[in-house]
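**Q** can't give you the sequence, but here's the structure:
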Ligand SMILES: Cc1cc2nc3c(=O)[nH]c(=O)nc-3n(C[C@H](O)[C@H](O)[C@H](O)COP(=O)(O)OP(=O)(O)OC[C@H]3O[C@@H](n4cnc5c(N)ncnc54)[C@H](O)[C@@H]3O)c2cc1C
């Protein structure tokens with residue numbers, strides 16, 4: 001990252017936000033020969049939502065347009081040094097697999113319907129396994145599981161390295177908060193910069209920043225947590241992401257331990273804030289075997305980890321930025337020259353590189369299916 005000491009007086013393109021979406025946007029712009037500068041309110045890049053992410057990519061998608069974004073992004077990550085022109089940072093995508101499990105016959109029916117739909121839009125390599133087949137491949141799993149949906153070529157990555165790699169040759173002004181717009185001038189806490197065009201890529205704060213220009217975005221924000229257990233010898237490091245379809249609880253191997261999360265539908269939206277507060281009992285909800293959301297339900301070794309009691313953990317949280325159809329917004333706003341690249345729900349990391357390219361094509365007048373004025377259909381499967 002080329003950290004600039006001063007705010008430049010002007011730039012062809014100003015990208016607001018140095019998360020993975022701002023990084024991908026600025027990267028694509030510079031690749032297209034556009035002089036882009038990133039303004040970031042925090043002292044460091046990729047430290048907001050991007051840092052809180054699970055670090056999962058999956059071709060198992062329900063929306064054909066998002067499927068294309070994921071495929072393009074994963075392909076670029078698999079050859080990242082060549083793609084990004086640097087070898088300092090490596091998101092290291094690993095085909096560890098993604099396994100969704102259920103203990104009910106209704107859940108098994110739903111899994112069949114999901115797989116049928118995914119196959120119909122061209123998702124390949126998804127297997128439906130019964131309980132015995134699941135346990136034969138992953139012996140750490142519980143007897144209660146009746147069905148599993150598995151794709152071996154989905155996987156895990158380091159999303160901070162992805163963002164930092166994309167930013168490696170991009171000028172960034174950190175500690176620079178955008179506070180207003182005056183025509184093509186972008187007003188910040190470190191002065192004013194004149195922008196040929198400007199992209200709001202502020203994750204959950206995108207709505208608040210767009211409002212500074214009088215633009216209302218159709219987005220809501222939802223709180224999500226991640227328990228980071230840096231060192232747990234009992235976690236099989238070869239495991240895939242293990243997702244409990246009945247509760248939304250899931251875990252993936254990470255560091256020398258694991259990340260543990262929950263993804264639930266029907267949550268109330270929350271206020272978009274820069275630093276959302278962690279709910280004190282979250283770790284107990286996913287780790288205590290007595291909790292109905294415990295990861296020990298399907299992966300019993302977690303009960304031993306709990307009983308043993310030695311594991312250290314810390315809890316991070318971030319906000320999902322969600323549109324009514326759970327697809328991103330990659331478009332020019334009604335204010336000429338002001339663009340948005342946001343609203344990726346739980347898919348921003350895995351769609352980032354392609355989303356950045358689409359935004360830059362939009363700058364050049366090309367439309368895409370993630371327009372602000374589209375008709376928002378409810379999502380087929382909710383991704384919160
Ligand atoms: C718990 C959790 C798990 C997730 N897991 C995954 C996953 O496994 N895979 C996946 O693909 N996606 C996942 N996601 C979604 C993904 O993390 C997001 O879609 C993505 O990180 C959004 O990136 P962003 O750059 O838009 O936002 P952010 O990373 O939040 O970056 C926005 C930046 O804008 C800056 N900013 C805000 N306001 C201003 C201002 N006024 N002036 C200047 N700068 C400003 C912020 O400081 C911030 O750095 C997950 C999200 C969460 C919360």
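**A** Looks like it came in fine. Please read all numbers here as calculations on a predicted model, not as lab measurements.
**Q** which SS state does residue 72 fall under?
**A** The local conformation at residue 72, judged by DSSP: H, G, I helix; E, B strand; the rest coil, is helix.
**Q** May I have the secondary structure class of the residue in the stretch 251-384 of the chain positioned nearest to the ligand?
**A** Going by CB to the nearest ligand atom, the ligand is nearest to residue 348 of the stretch 251-384 of the chain, at 1.9 Å. Backbone N, C-alpha and C define where each C-beta goes, glycine included. Look at residue 348: counting by three-state DSSP, its state is helix.
**Q** List the residues that contact it.
**A** Residue 348 makes contact with 19-21, 49-50, 53, 203, 321, 328, 355, according to CB atoms under 8 Å, 6 or more residues apart in numbering.
**Q** give me that answer again for 10 Å
**A** By CB atoms under 10 Å, 6 or more residues apart in numbering, the residues touching residue 348 are 19-21, 24, 49-50, 53, 159, 201, 203, 320-321, 328, 341-342, 355.
**Q** Do me a favour and get the end-to-end distance for stretch 245-264?
**A** 10 Å (CA to CA, to the nearest Å).
**Q** how would you label the nearest residue to residue 333 once chain neighbours are set aside: helix, strand or coil?
**A** Of all residues not flanking residue 333 in the chain, residue 215 sits nearest, at 4.6 Å (CB to CB, 6 or more residues apart in numbering). Taking three-state DSSP as the rule, one finds residue 215 in the coil state.
**Q** how much space between residue 215 and residue 336?
**A** Using CB to CB, to the nearest Å, residue 215 is found at 12 Å from residue 336.
**Q** More neighbours: those two, which one.
**A** residue 215 (18 against 9; other CB atoms under 10 Å).
**Q** List the residues that contact that one.
**A** Contacts of residue 215 (CB under 10 Å, 6+ apart): 181, 200, 206-207, 209, 333-335, 338, 340, 372.
**Q** Name the member of these with the most neighbours.
**A** That'd be residue 200 among these, by other CB under 10 Å, with 31 neighbours.
**Q** wait, that residue sits on residue 207?
**A** Yes - at 9.1 Å, residue 200 and residue 207 qualify as touching, with contact defined as CB atoms under 10 Å.
**Q** Now do the shared contacts for these two.
**A** Common neighbours of residue 200 and residue 207, using CB under 10 Å, 6+ apart, are 215, 217, 340, 342.
**Q** list the contacts for the second one?
**A** It refers to residue 217. 200, 206-211, 321, 323, 329, 333, 340, 342-343, 372.
**Q** can you rerun that using 7 Å?
**A** Counting by CB atoms under 7 Å, 6 or more residues apart in numbering, residue 217 touches 206-207, 210, 329, 340.
**Q** Just the ones of the residues you listed in helices?
**A** 206-207, 210 (DSSP state H).
**Q** Same list, the residues you listed, but as JSON lines with distance to residue 277 please.
**A** Shown next, in JSON lines, are those (distance: CB to CB, whole Å):
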{"residue": "206", "distance to residue 277": "20"}
{"residue": "207", "distance to residue 277": "19"}
{"residue": "210", "distance to residue 277": "24"}
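**Q** How much space separates residue 46 from the ligand?
**A** To the ligand, residue 46 is 6 Å away according to CB to the nearest ligand atom, to the nearest Å.
**Q** Mind telling me what element that residue is part of?
**A** Using DSSP states H and E, no element contains residue 46; it sits outside every helix and strand.
**Q** any idea what sits nearest it, other than its immediate chain neighbours?
**A** Using CB to CB, 6+ apart, the nearest residue to residue 46 is residue 163, at 3.8 Å.
**Q** Could you check how many residues crowd around that neighbour?
**A** 27.
**Q** and it, what does it touch?
**A** Taking CB under 7 Å, 6+ apart, we find residue 163 in contact with 19-20, 23, 45-46, 50.
**Q** ok, of the residues you listed, which one's closest to the ligand?
**A** residue 19 (2.2 Å).
**Q** In contact with that closest one, which residues?
**A** Per CB under 7 Å, 6+ apart, neighbours of residue 19: 46, 48-50, 163, 201, 203.
**Q** Please convert those to a markdown table, extending it with distance to residue 221, secondary structure and pLDDT.
**A** Formatted as a markdown table, these follow (distance: CB to CB, whole Å; DSSP: H, G, I helix; E, B strand; the rest coil; pLDDT from 0 to 100):
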| residue | distance to residue 221 | secondary structure | pLDDT |
| --- | --- | --- | --- |
| 46 | 19 | coil | 98 |
| 48 | 12 | coil | 98 |
| 49 | 10 | helix | 98 |
| 50 | 15 | helix | 98 |
| 163 | 20 | helix | 98 |
| 201 | 15 | coil | 99 |
| 203 | 9 | helix | 98 |
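**Q** Could you pick out the residues of the stretch 51-200 of the chain near the ligand for me?
**A** Neighbours of the ligand within the stretch 51-200 of the chain, by CB under 6 Å from any ligand atom: 52-56, 177-178.
**Q** now those residues as a markdown table including pLDDT?
**A** Shown next, in a markdown table, are these (pLDDT from 0 to 100):
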| residue | pLDDT |
| --- | --- |
| 52 | 98 |
| 53 | 98 |
| 54 | 98 |
| 55 | 98 |
| 56 | 97 |
| 177 | 98 |
| 178 | 98 |
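**Q** top of these by neighbour count?
**A** Highest neighbour count within those, by other CB under 10 Å: residue 53, with 26 neighbours.
**Q** gap between it and residue 280?
**A** 22 Å.
**Q** Without its sequence neighbours, what residue ends up closest to residue 357?
**A** residue 28 is the one closest to residue 357 (CB to CB, 6+ apart), at 4.7 Å.
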